[in-house]
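sequence and computational prediction follow.
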Amino acid sequence: MKNGFNRLIPAKCFLWWEKRRQKRIARTLYKRDFKKYLRYGFAFTNKDVKEKQLEARIVFHYHALEKGLSHLELRKGFGETALRGLTDAMTAYKKDHTPAKSLRYLTGLSVLKAYVEKHKALDYDASHVEKTLDTLSLNSENPESNGGVFNYSKERILKHAQIGFETLAMNRYSVRDFGKEAVPLKSIKASIEIAMKSPSVSNRQAWHVHIIKNKALIKDVLTVQGGLNGHGKNIDTLLLVTSDYTGLGDAGEYKQGHIDSGLFSMSLLYALTDHGVATCPLNADVHPSQDDLIRGKLNIKDEESLTMFIAVGSYPDTSLIPKSQRDFVDEHIEVYE
């Protein structure tokens, strides 16, 4: 009935209506993202997510110091703004939260220690930073060396660059119907751990993974998502990657959560493939009503925004893979010489 009705509508009218519909949807989605940024970005204060905002601020500032420490020609006494911001964030965190349980807080201590030690080696007075470190420290012991910089040799880089990524990347295909073997949760977690090495703005890692093993819940979510219609046989696990708005700061970063979680998602796909796990990436380009349904089914926090799904399973003996090829690389690049 609906298709018959559509055929009666002139093409121009249909295009006009579709354009207005898409604008309405885009406007709604934009307003949601805008409100999330105002509500959860760490440039603002929200008591409901204050701890996460402070941790994001801590990472933002200590990573700026780490980048300064990595300069071959280090400028003595650099990073006054970052030091001040890091001190303020860590002071607030120590006052209201449990710093001993926060890796980001502990890493902040380690970066401050590295800053002091580097300047001492250069015979430059950084006593004011050392006093800050003493104030923020949790005990008399020195913080662990999980922040700062370390030497990474060319030999080591080249060694790790020759282990077959090209082979992995060129032979990864999406599998939409899976084998009958179960995928161990430990394989998924190990792959996520590898993907955590993905780059992100100031190393804020503003992503989260929802691991869905319950088959009835997988079916419900995929029914709403609608991307595996006619496929999904023997699906073992459904992953949902989200971006976390508490990891955003400056207004110019409003897209950064999806950029970083997208990078993470690609790394996760490769890592799962490397672990012998079949995958199929599925978009999360859902309309507002679908977004609400998925959030309700998975109890997703309001500060999280859907980035993408990944269907996971074992490899069947054979798979039918779409044959369409990638474009020629020259069609997608501009060279400035």
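It's in. Residues are numbered from 1 along each chain as shown.

going forward, measure contacts and count neighbours with C-alpha atoms only.
OK.

buried ones in the helix ranked longest in the chain?
In the chain, taking DSSP state H as the definition, the longest helix is helix 11-40. Neighbour-count burial for helix 11-40 flags 29, 33, 36-40 (criterion: 16 or more other Cα atoms under 10 Å).

packing partners of that helix?
Helices and strands touching helix 11-40, by 3 or more Cα pairs under 8 Å, 6 or more residues apart in numbering; DSSP states H and E, are helix 288-298.

all strands for the protein, in order.
With DSSP state E as the criterion, the chain has strands at 207-212, 237-244, 278-283, 304-313.

including distance to residue 330 and mean pLDDT, could those go into TSV?
Shown next, in TSV, are the strands of the chain (distance: least, Cα to Cα, whole Å; pLDDT from 0 to 100):
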stretch	distance to residue 330	mean pLDDT
strand 207-212	32	97
strand 237-244	31	97
strand 278-283	25	94
strand 304-313	28	96
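
okay if I get those as a markdown table plus distance to residue 47 and mean neighbour count?
Shown next, in a markdown table, are these (distance: least, Cα to Cα, whole Å; neighbours: other Cα atoms under 10 Å):
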| stretch | distance to residue 47 | mean neighbour count |
| --- | --- | --- |
| strand 207-212 | 21 | 18 |
| strand 237-244 | 16 | 25 |
| strand 278-283 | 32 | 22 |
| strand 304-313 | 16 | 24 |
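
and of these, who's closest to residue 162?
strand 278-283 (23.5 Å; Cα to Cα).

can I get the closest one as PDB, trimmed to CA atoms?
Provided in PDB are the C-alpha atoms of strand 278-283 (Å, rounded to 0.1, in the frame of the first residue of the first chain):
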ATOM      1  CA  ALA A 278      35.300 -13.000  12.100                       C
ATOM      2  CA  THR A 279      33.700  -9.600  12.100                       C
ATOM      3  CA  CYS A 280      31.200  -7.400  10.300                       C
ATOM      4  CA  PRO A 281      31.100  -3.700  11.000                       C
ATOM      5  CA  LEU A 282      27.600  -2.200  11.200                       C
ATOM      6  CA  ASN A 283      26.600   1.400  11.200                       C
END
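
angle of it against strand 304-313?
Strand 278-283 runs at 150 degrees relative to strand 304-313, counting by axes from the mean of the first three to the mean of the last three Cα atoms, to 10 degrees.

which elements pack onto strand 278-283?
helix 256-274, strand 304-313.

hmm, who's touching the shortest one?
It refers to strand 304-313. 176, 178-179, 181-183, 232, 234-245, 258, 261-262, 265, 277-285 (Cα atoms under 8 Å, 6 or more residues apart in numbering).

could you do stretch 162-176 as well?
228, 231-233, 270, 273-274, 278-281, 311, 315, 319, 321.

hey, C-alpha coordinates of it in PDB?
Extracted in PDB, the C-alpha atoms of stretch 162-176 (Å, rounded to 0.1, in the frame of the first residue of the first chain):
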ATOM      1  CA  GLN A 162      57.500  -5.900   9.200                       C
ATOM      2  CA  ILE A 163      55.200  -8.400  10.800                       C
ATOM      3  CA  GLY A 164      52.600  -8.500   8.100                       C
ATOM      4  CA  PHE A 165      50.000  -5.700   8.600                       C
ATOM      5  CA  GLU A 166      49.600  -5.300   4.800                       C
ATOM      6  CA  THR A 167      48.700  -9.000   4.600                       C
ATOM      7  CA  LEU A 168      46.300  -8.600   7.500                       C
ATOM      8  CA  ALA A 169      44.600  -5.500   6.100                       C
ATOM      9  CA  MET A 170      44.400  -6.700   2.500                       C
ATOM     10  CA  ASN A 171      42.800 -10.000   3.600                       C
ATOM     11  CA  ARG A 172      40.300  -8.700   6.100                       C
ATOM     12  CA  TYR A 173      36.700  -9.100   4.800                       C
ATOM     13  CA  SER A 174      33.400  -8.700   6.500                       C
ATOM     14  CA  VAL A 175      31.700 -12.000   7.400                       C
ATOM     15  CA  ARG A 176      27.900 -11.700   7.700                       C
END
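
dump the buried residues of helix 11-40 to JSON lines, plus distance to residue 198 and pLDDT.
Listed next are these as JSON lines, based on distance: Cα to Cα, whole Å; pLDDT from 0 to 100:
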{"residue": "29", "distance to residue 198": "27", "pLDDT": "85"}
{"residue": "33", "distance to residue 198": "23", "pLDDT": "89"}
{"residue": "36", "distance to residue 198": "24", "pLDDT": "91"}
{"residue": "37", "distance to residue 198": "23", "pLDDT": "91"}
{"residue": "38", "distance to residue 198": "26", "pLDDT": "94"}
{"residue": "39", "distance to residue 198": "26", "pLDDT": "94"}
{"residue": "40", "distance to residue 198": "23", "pLDDT": "95"}
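
let me know which of the strands of the chain is the nearest to residue 123.
Closest among these, using Cα to Cα: strand 207-212, at 40.4 Å.
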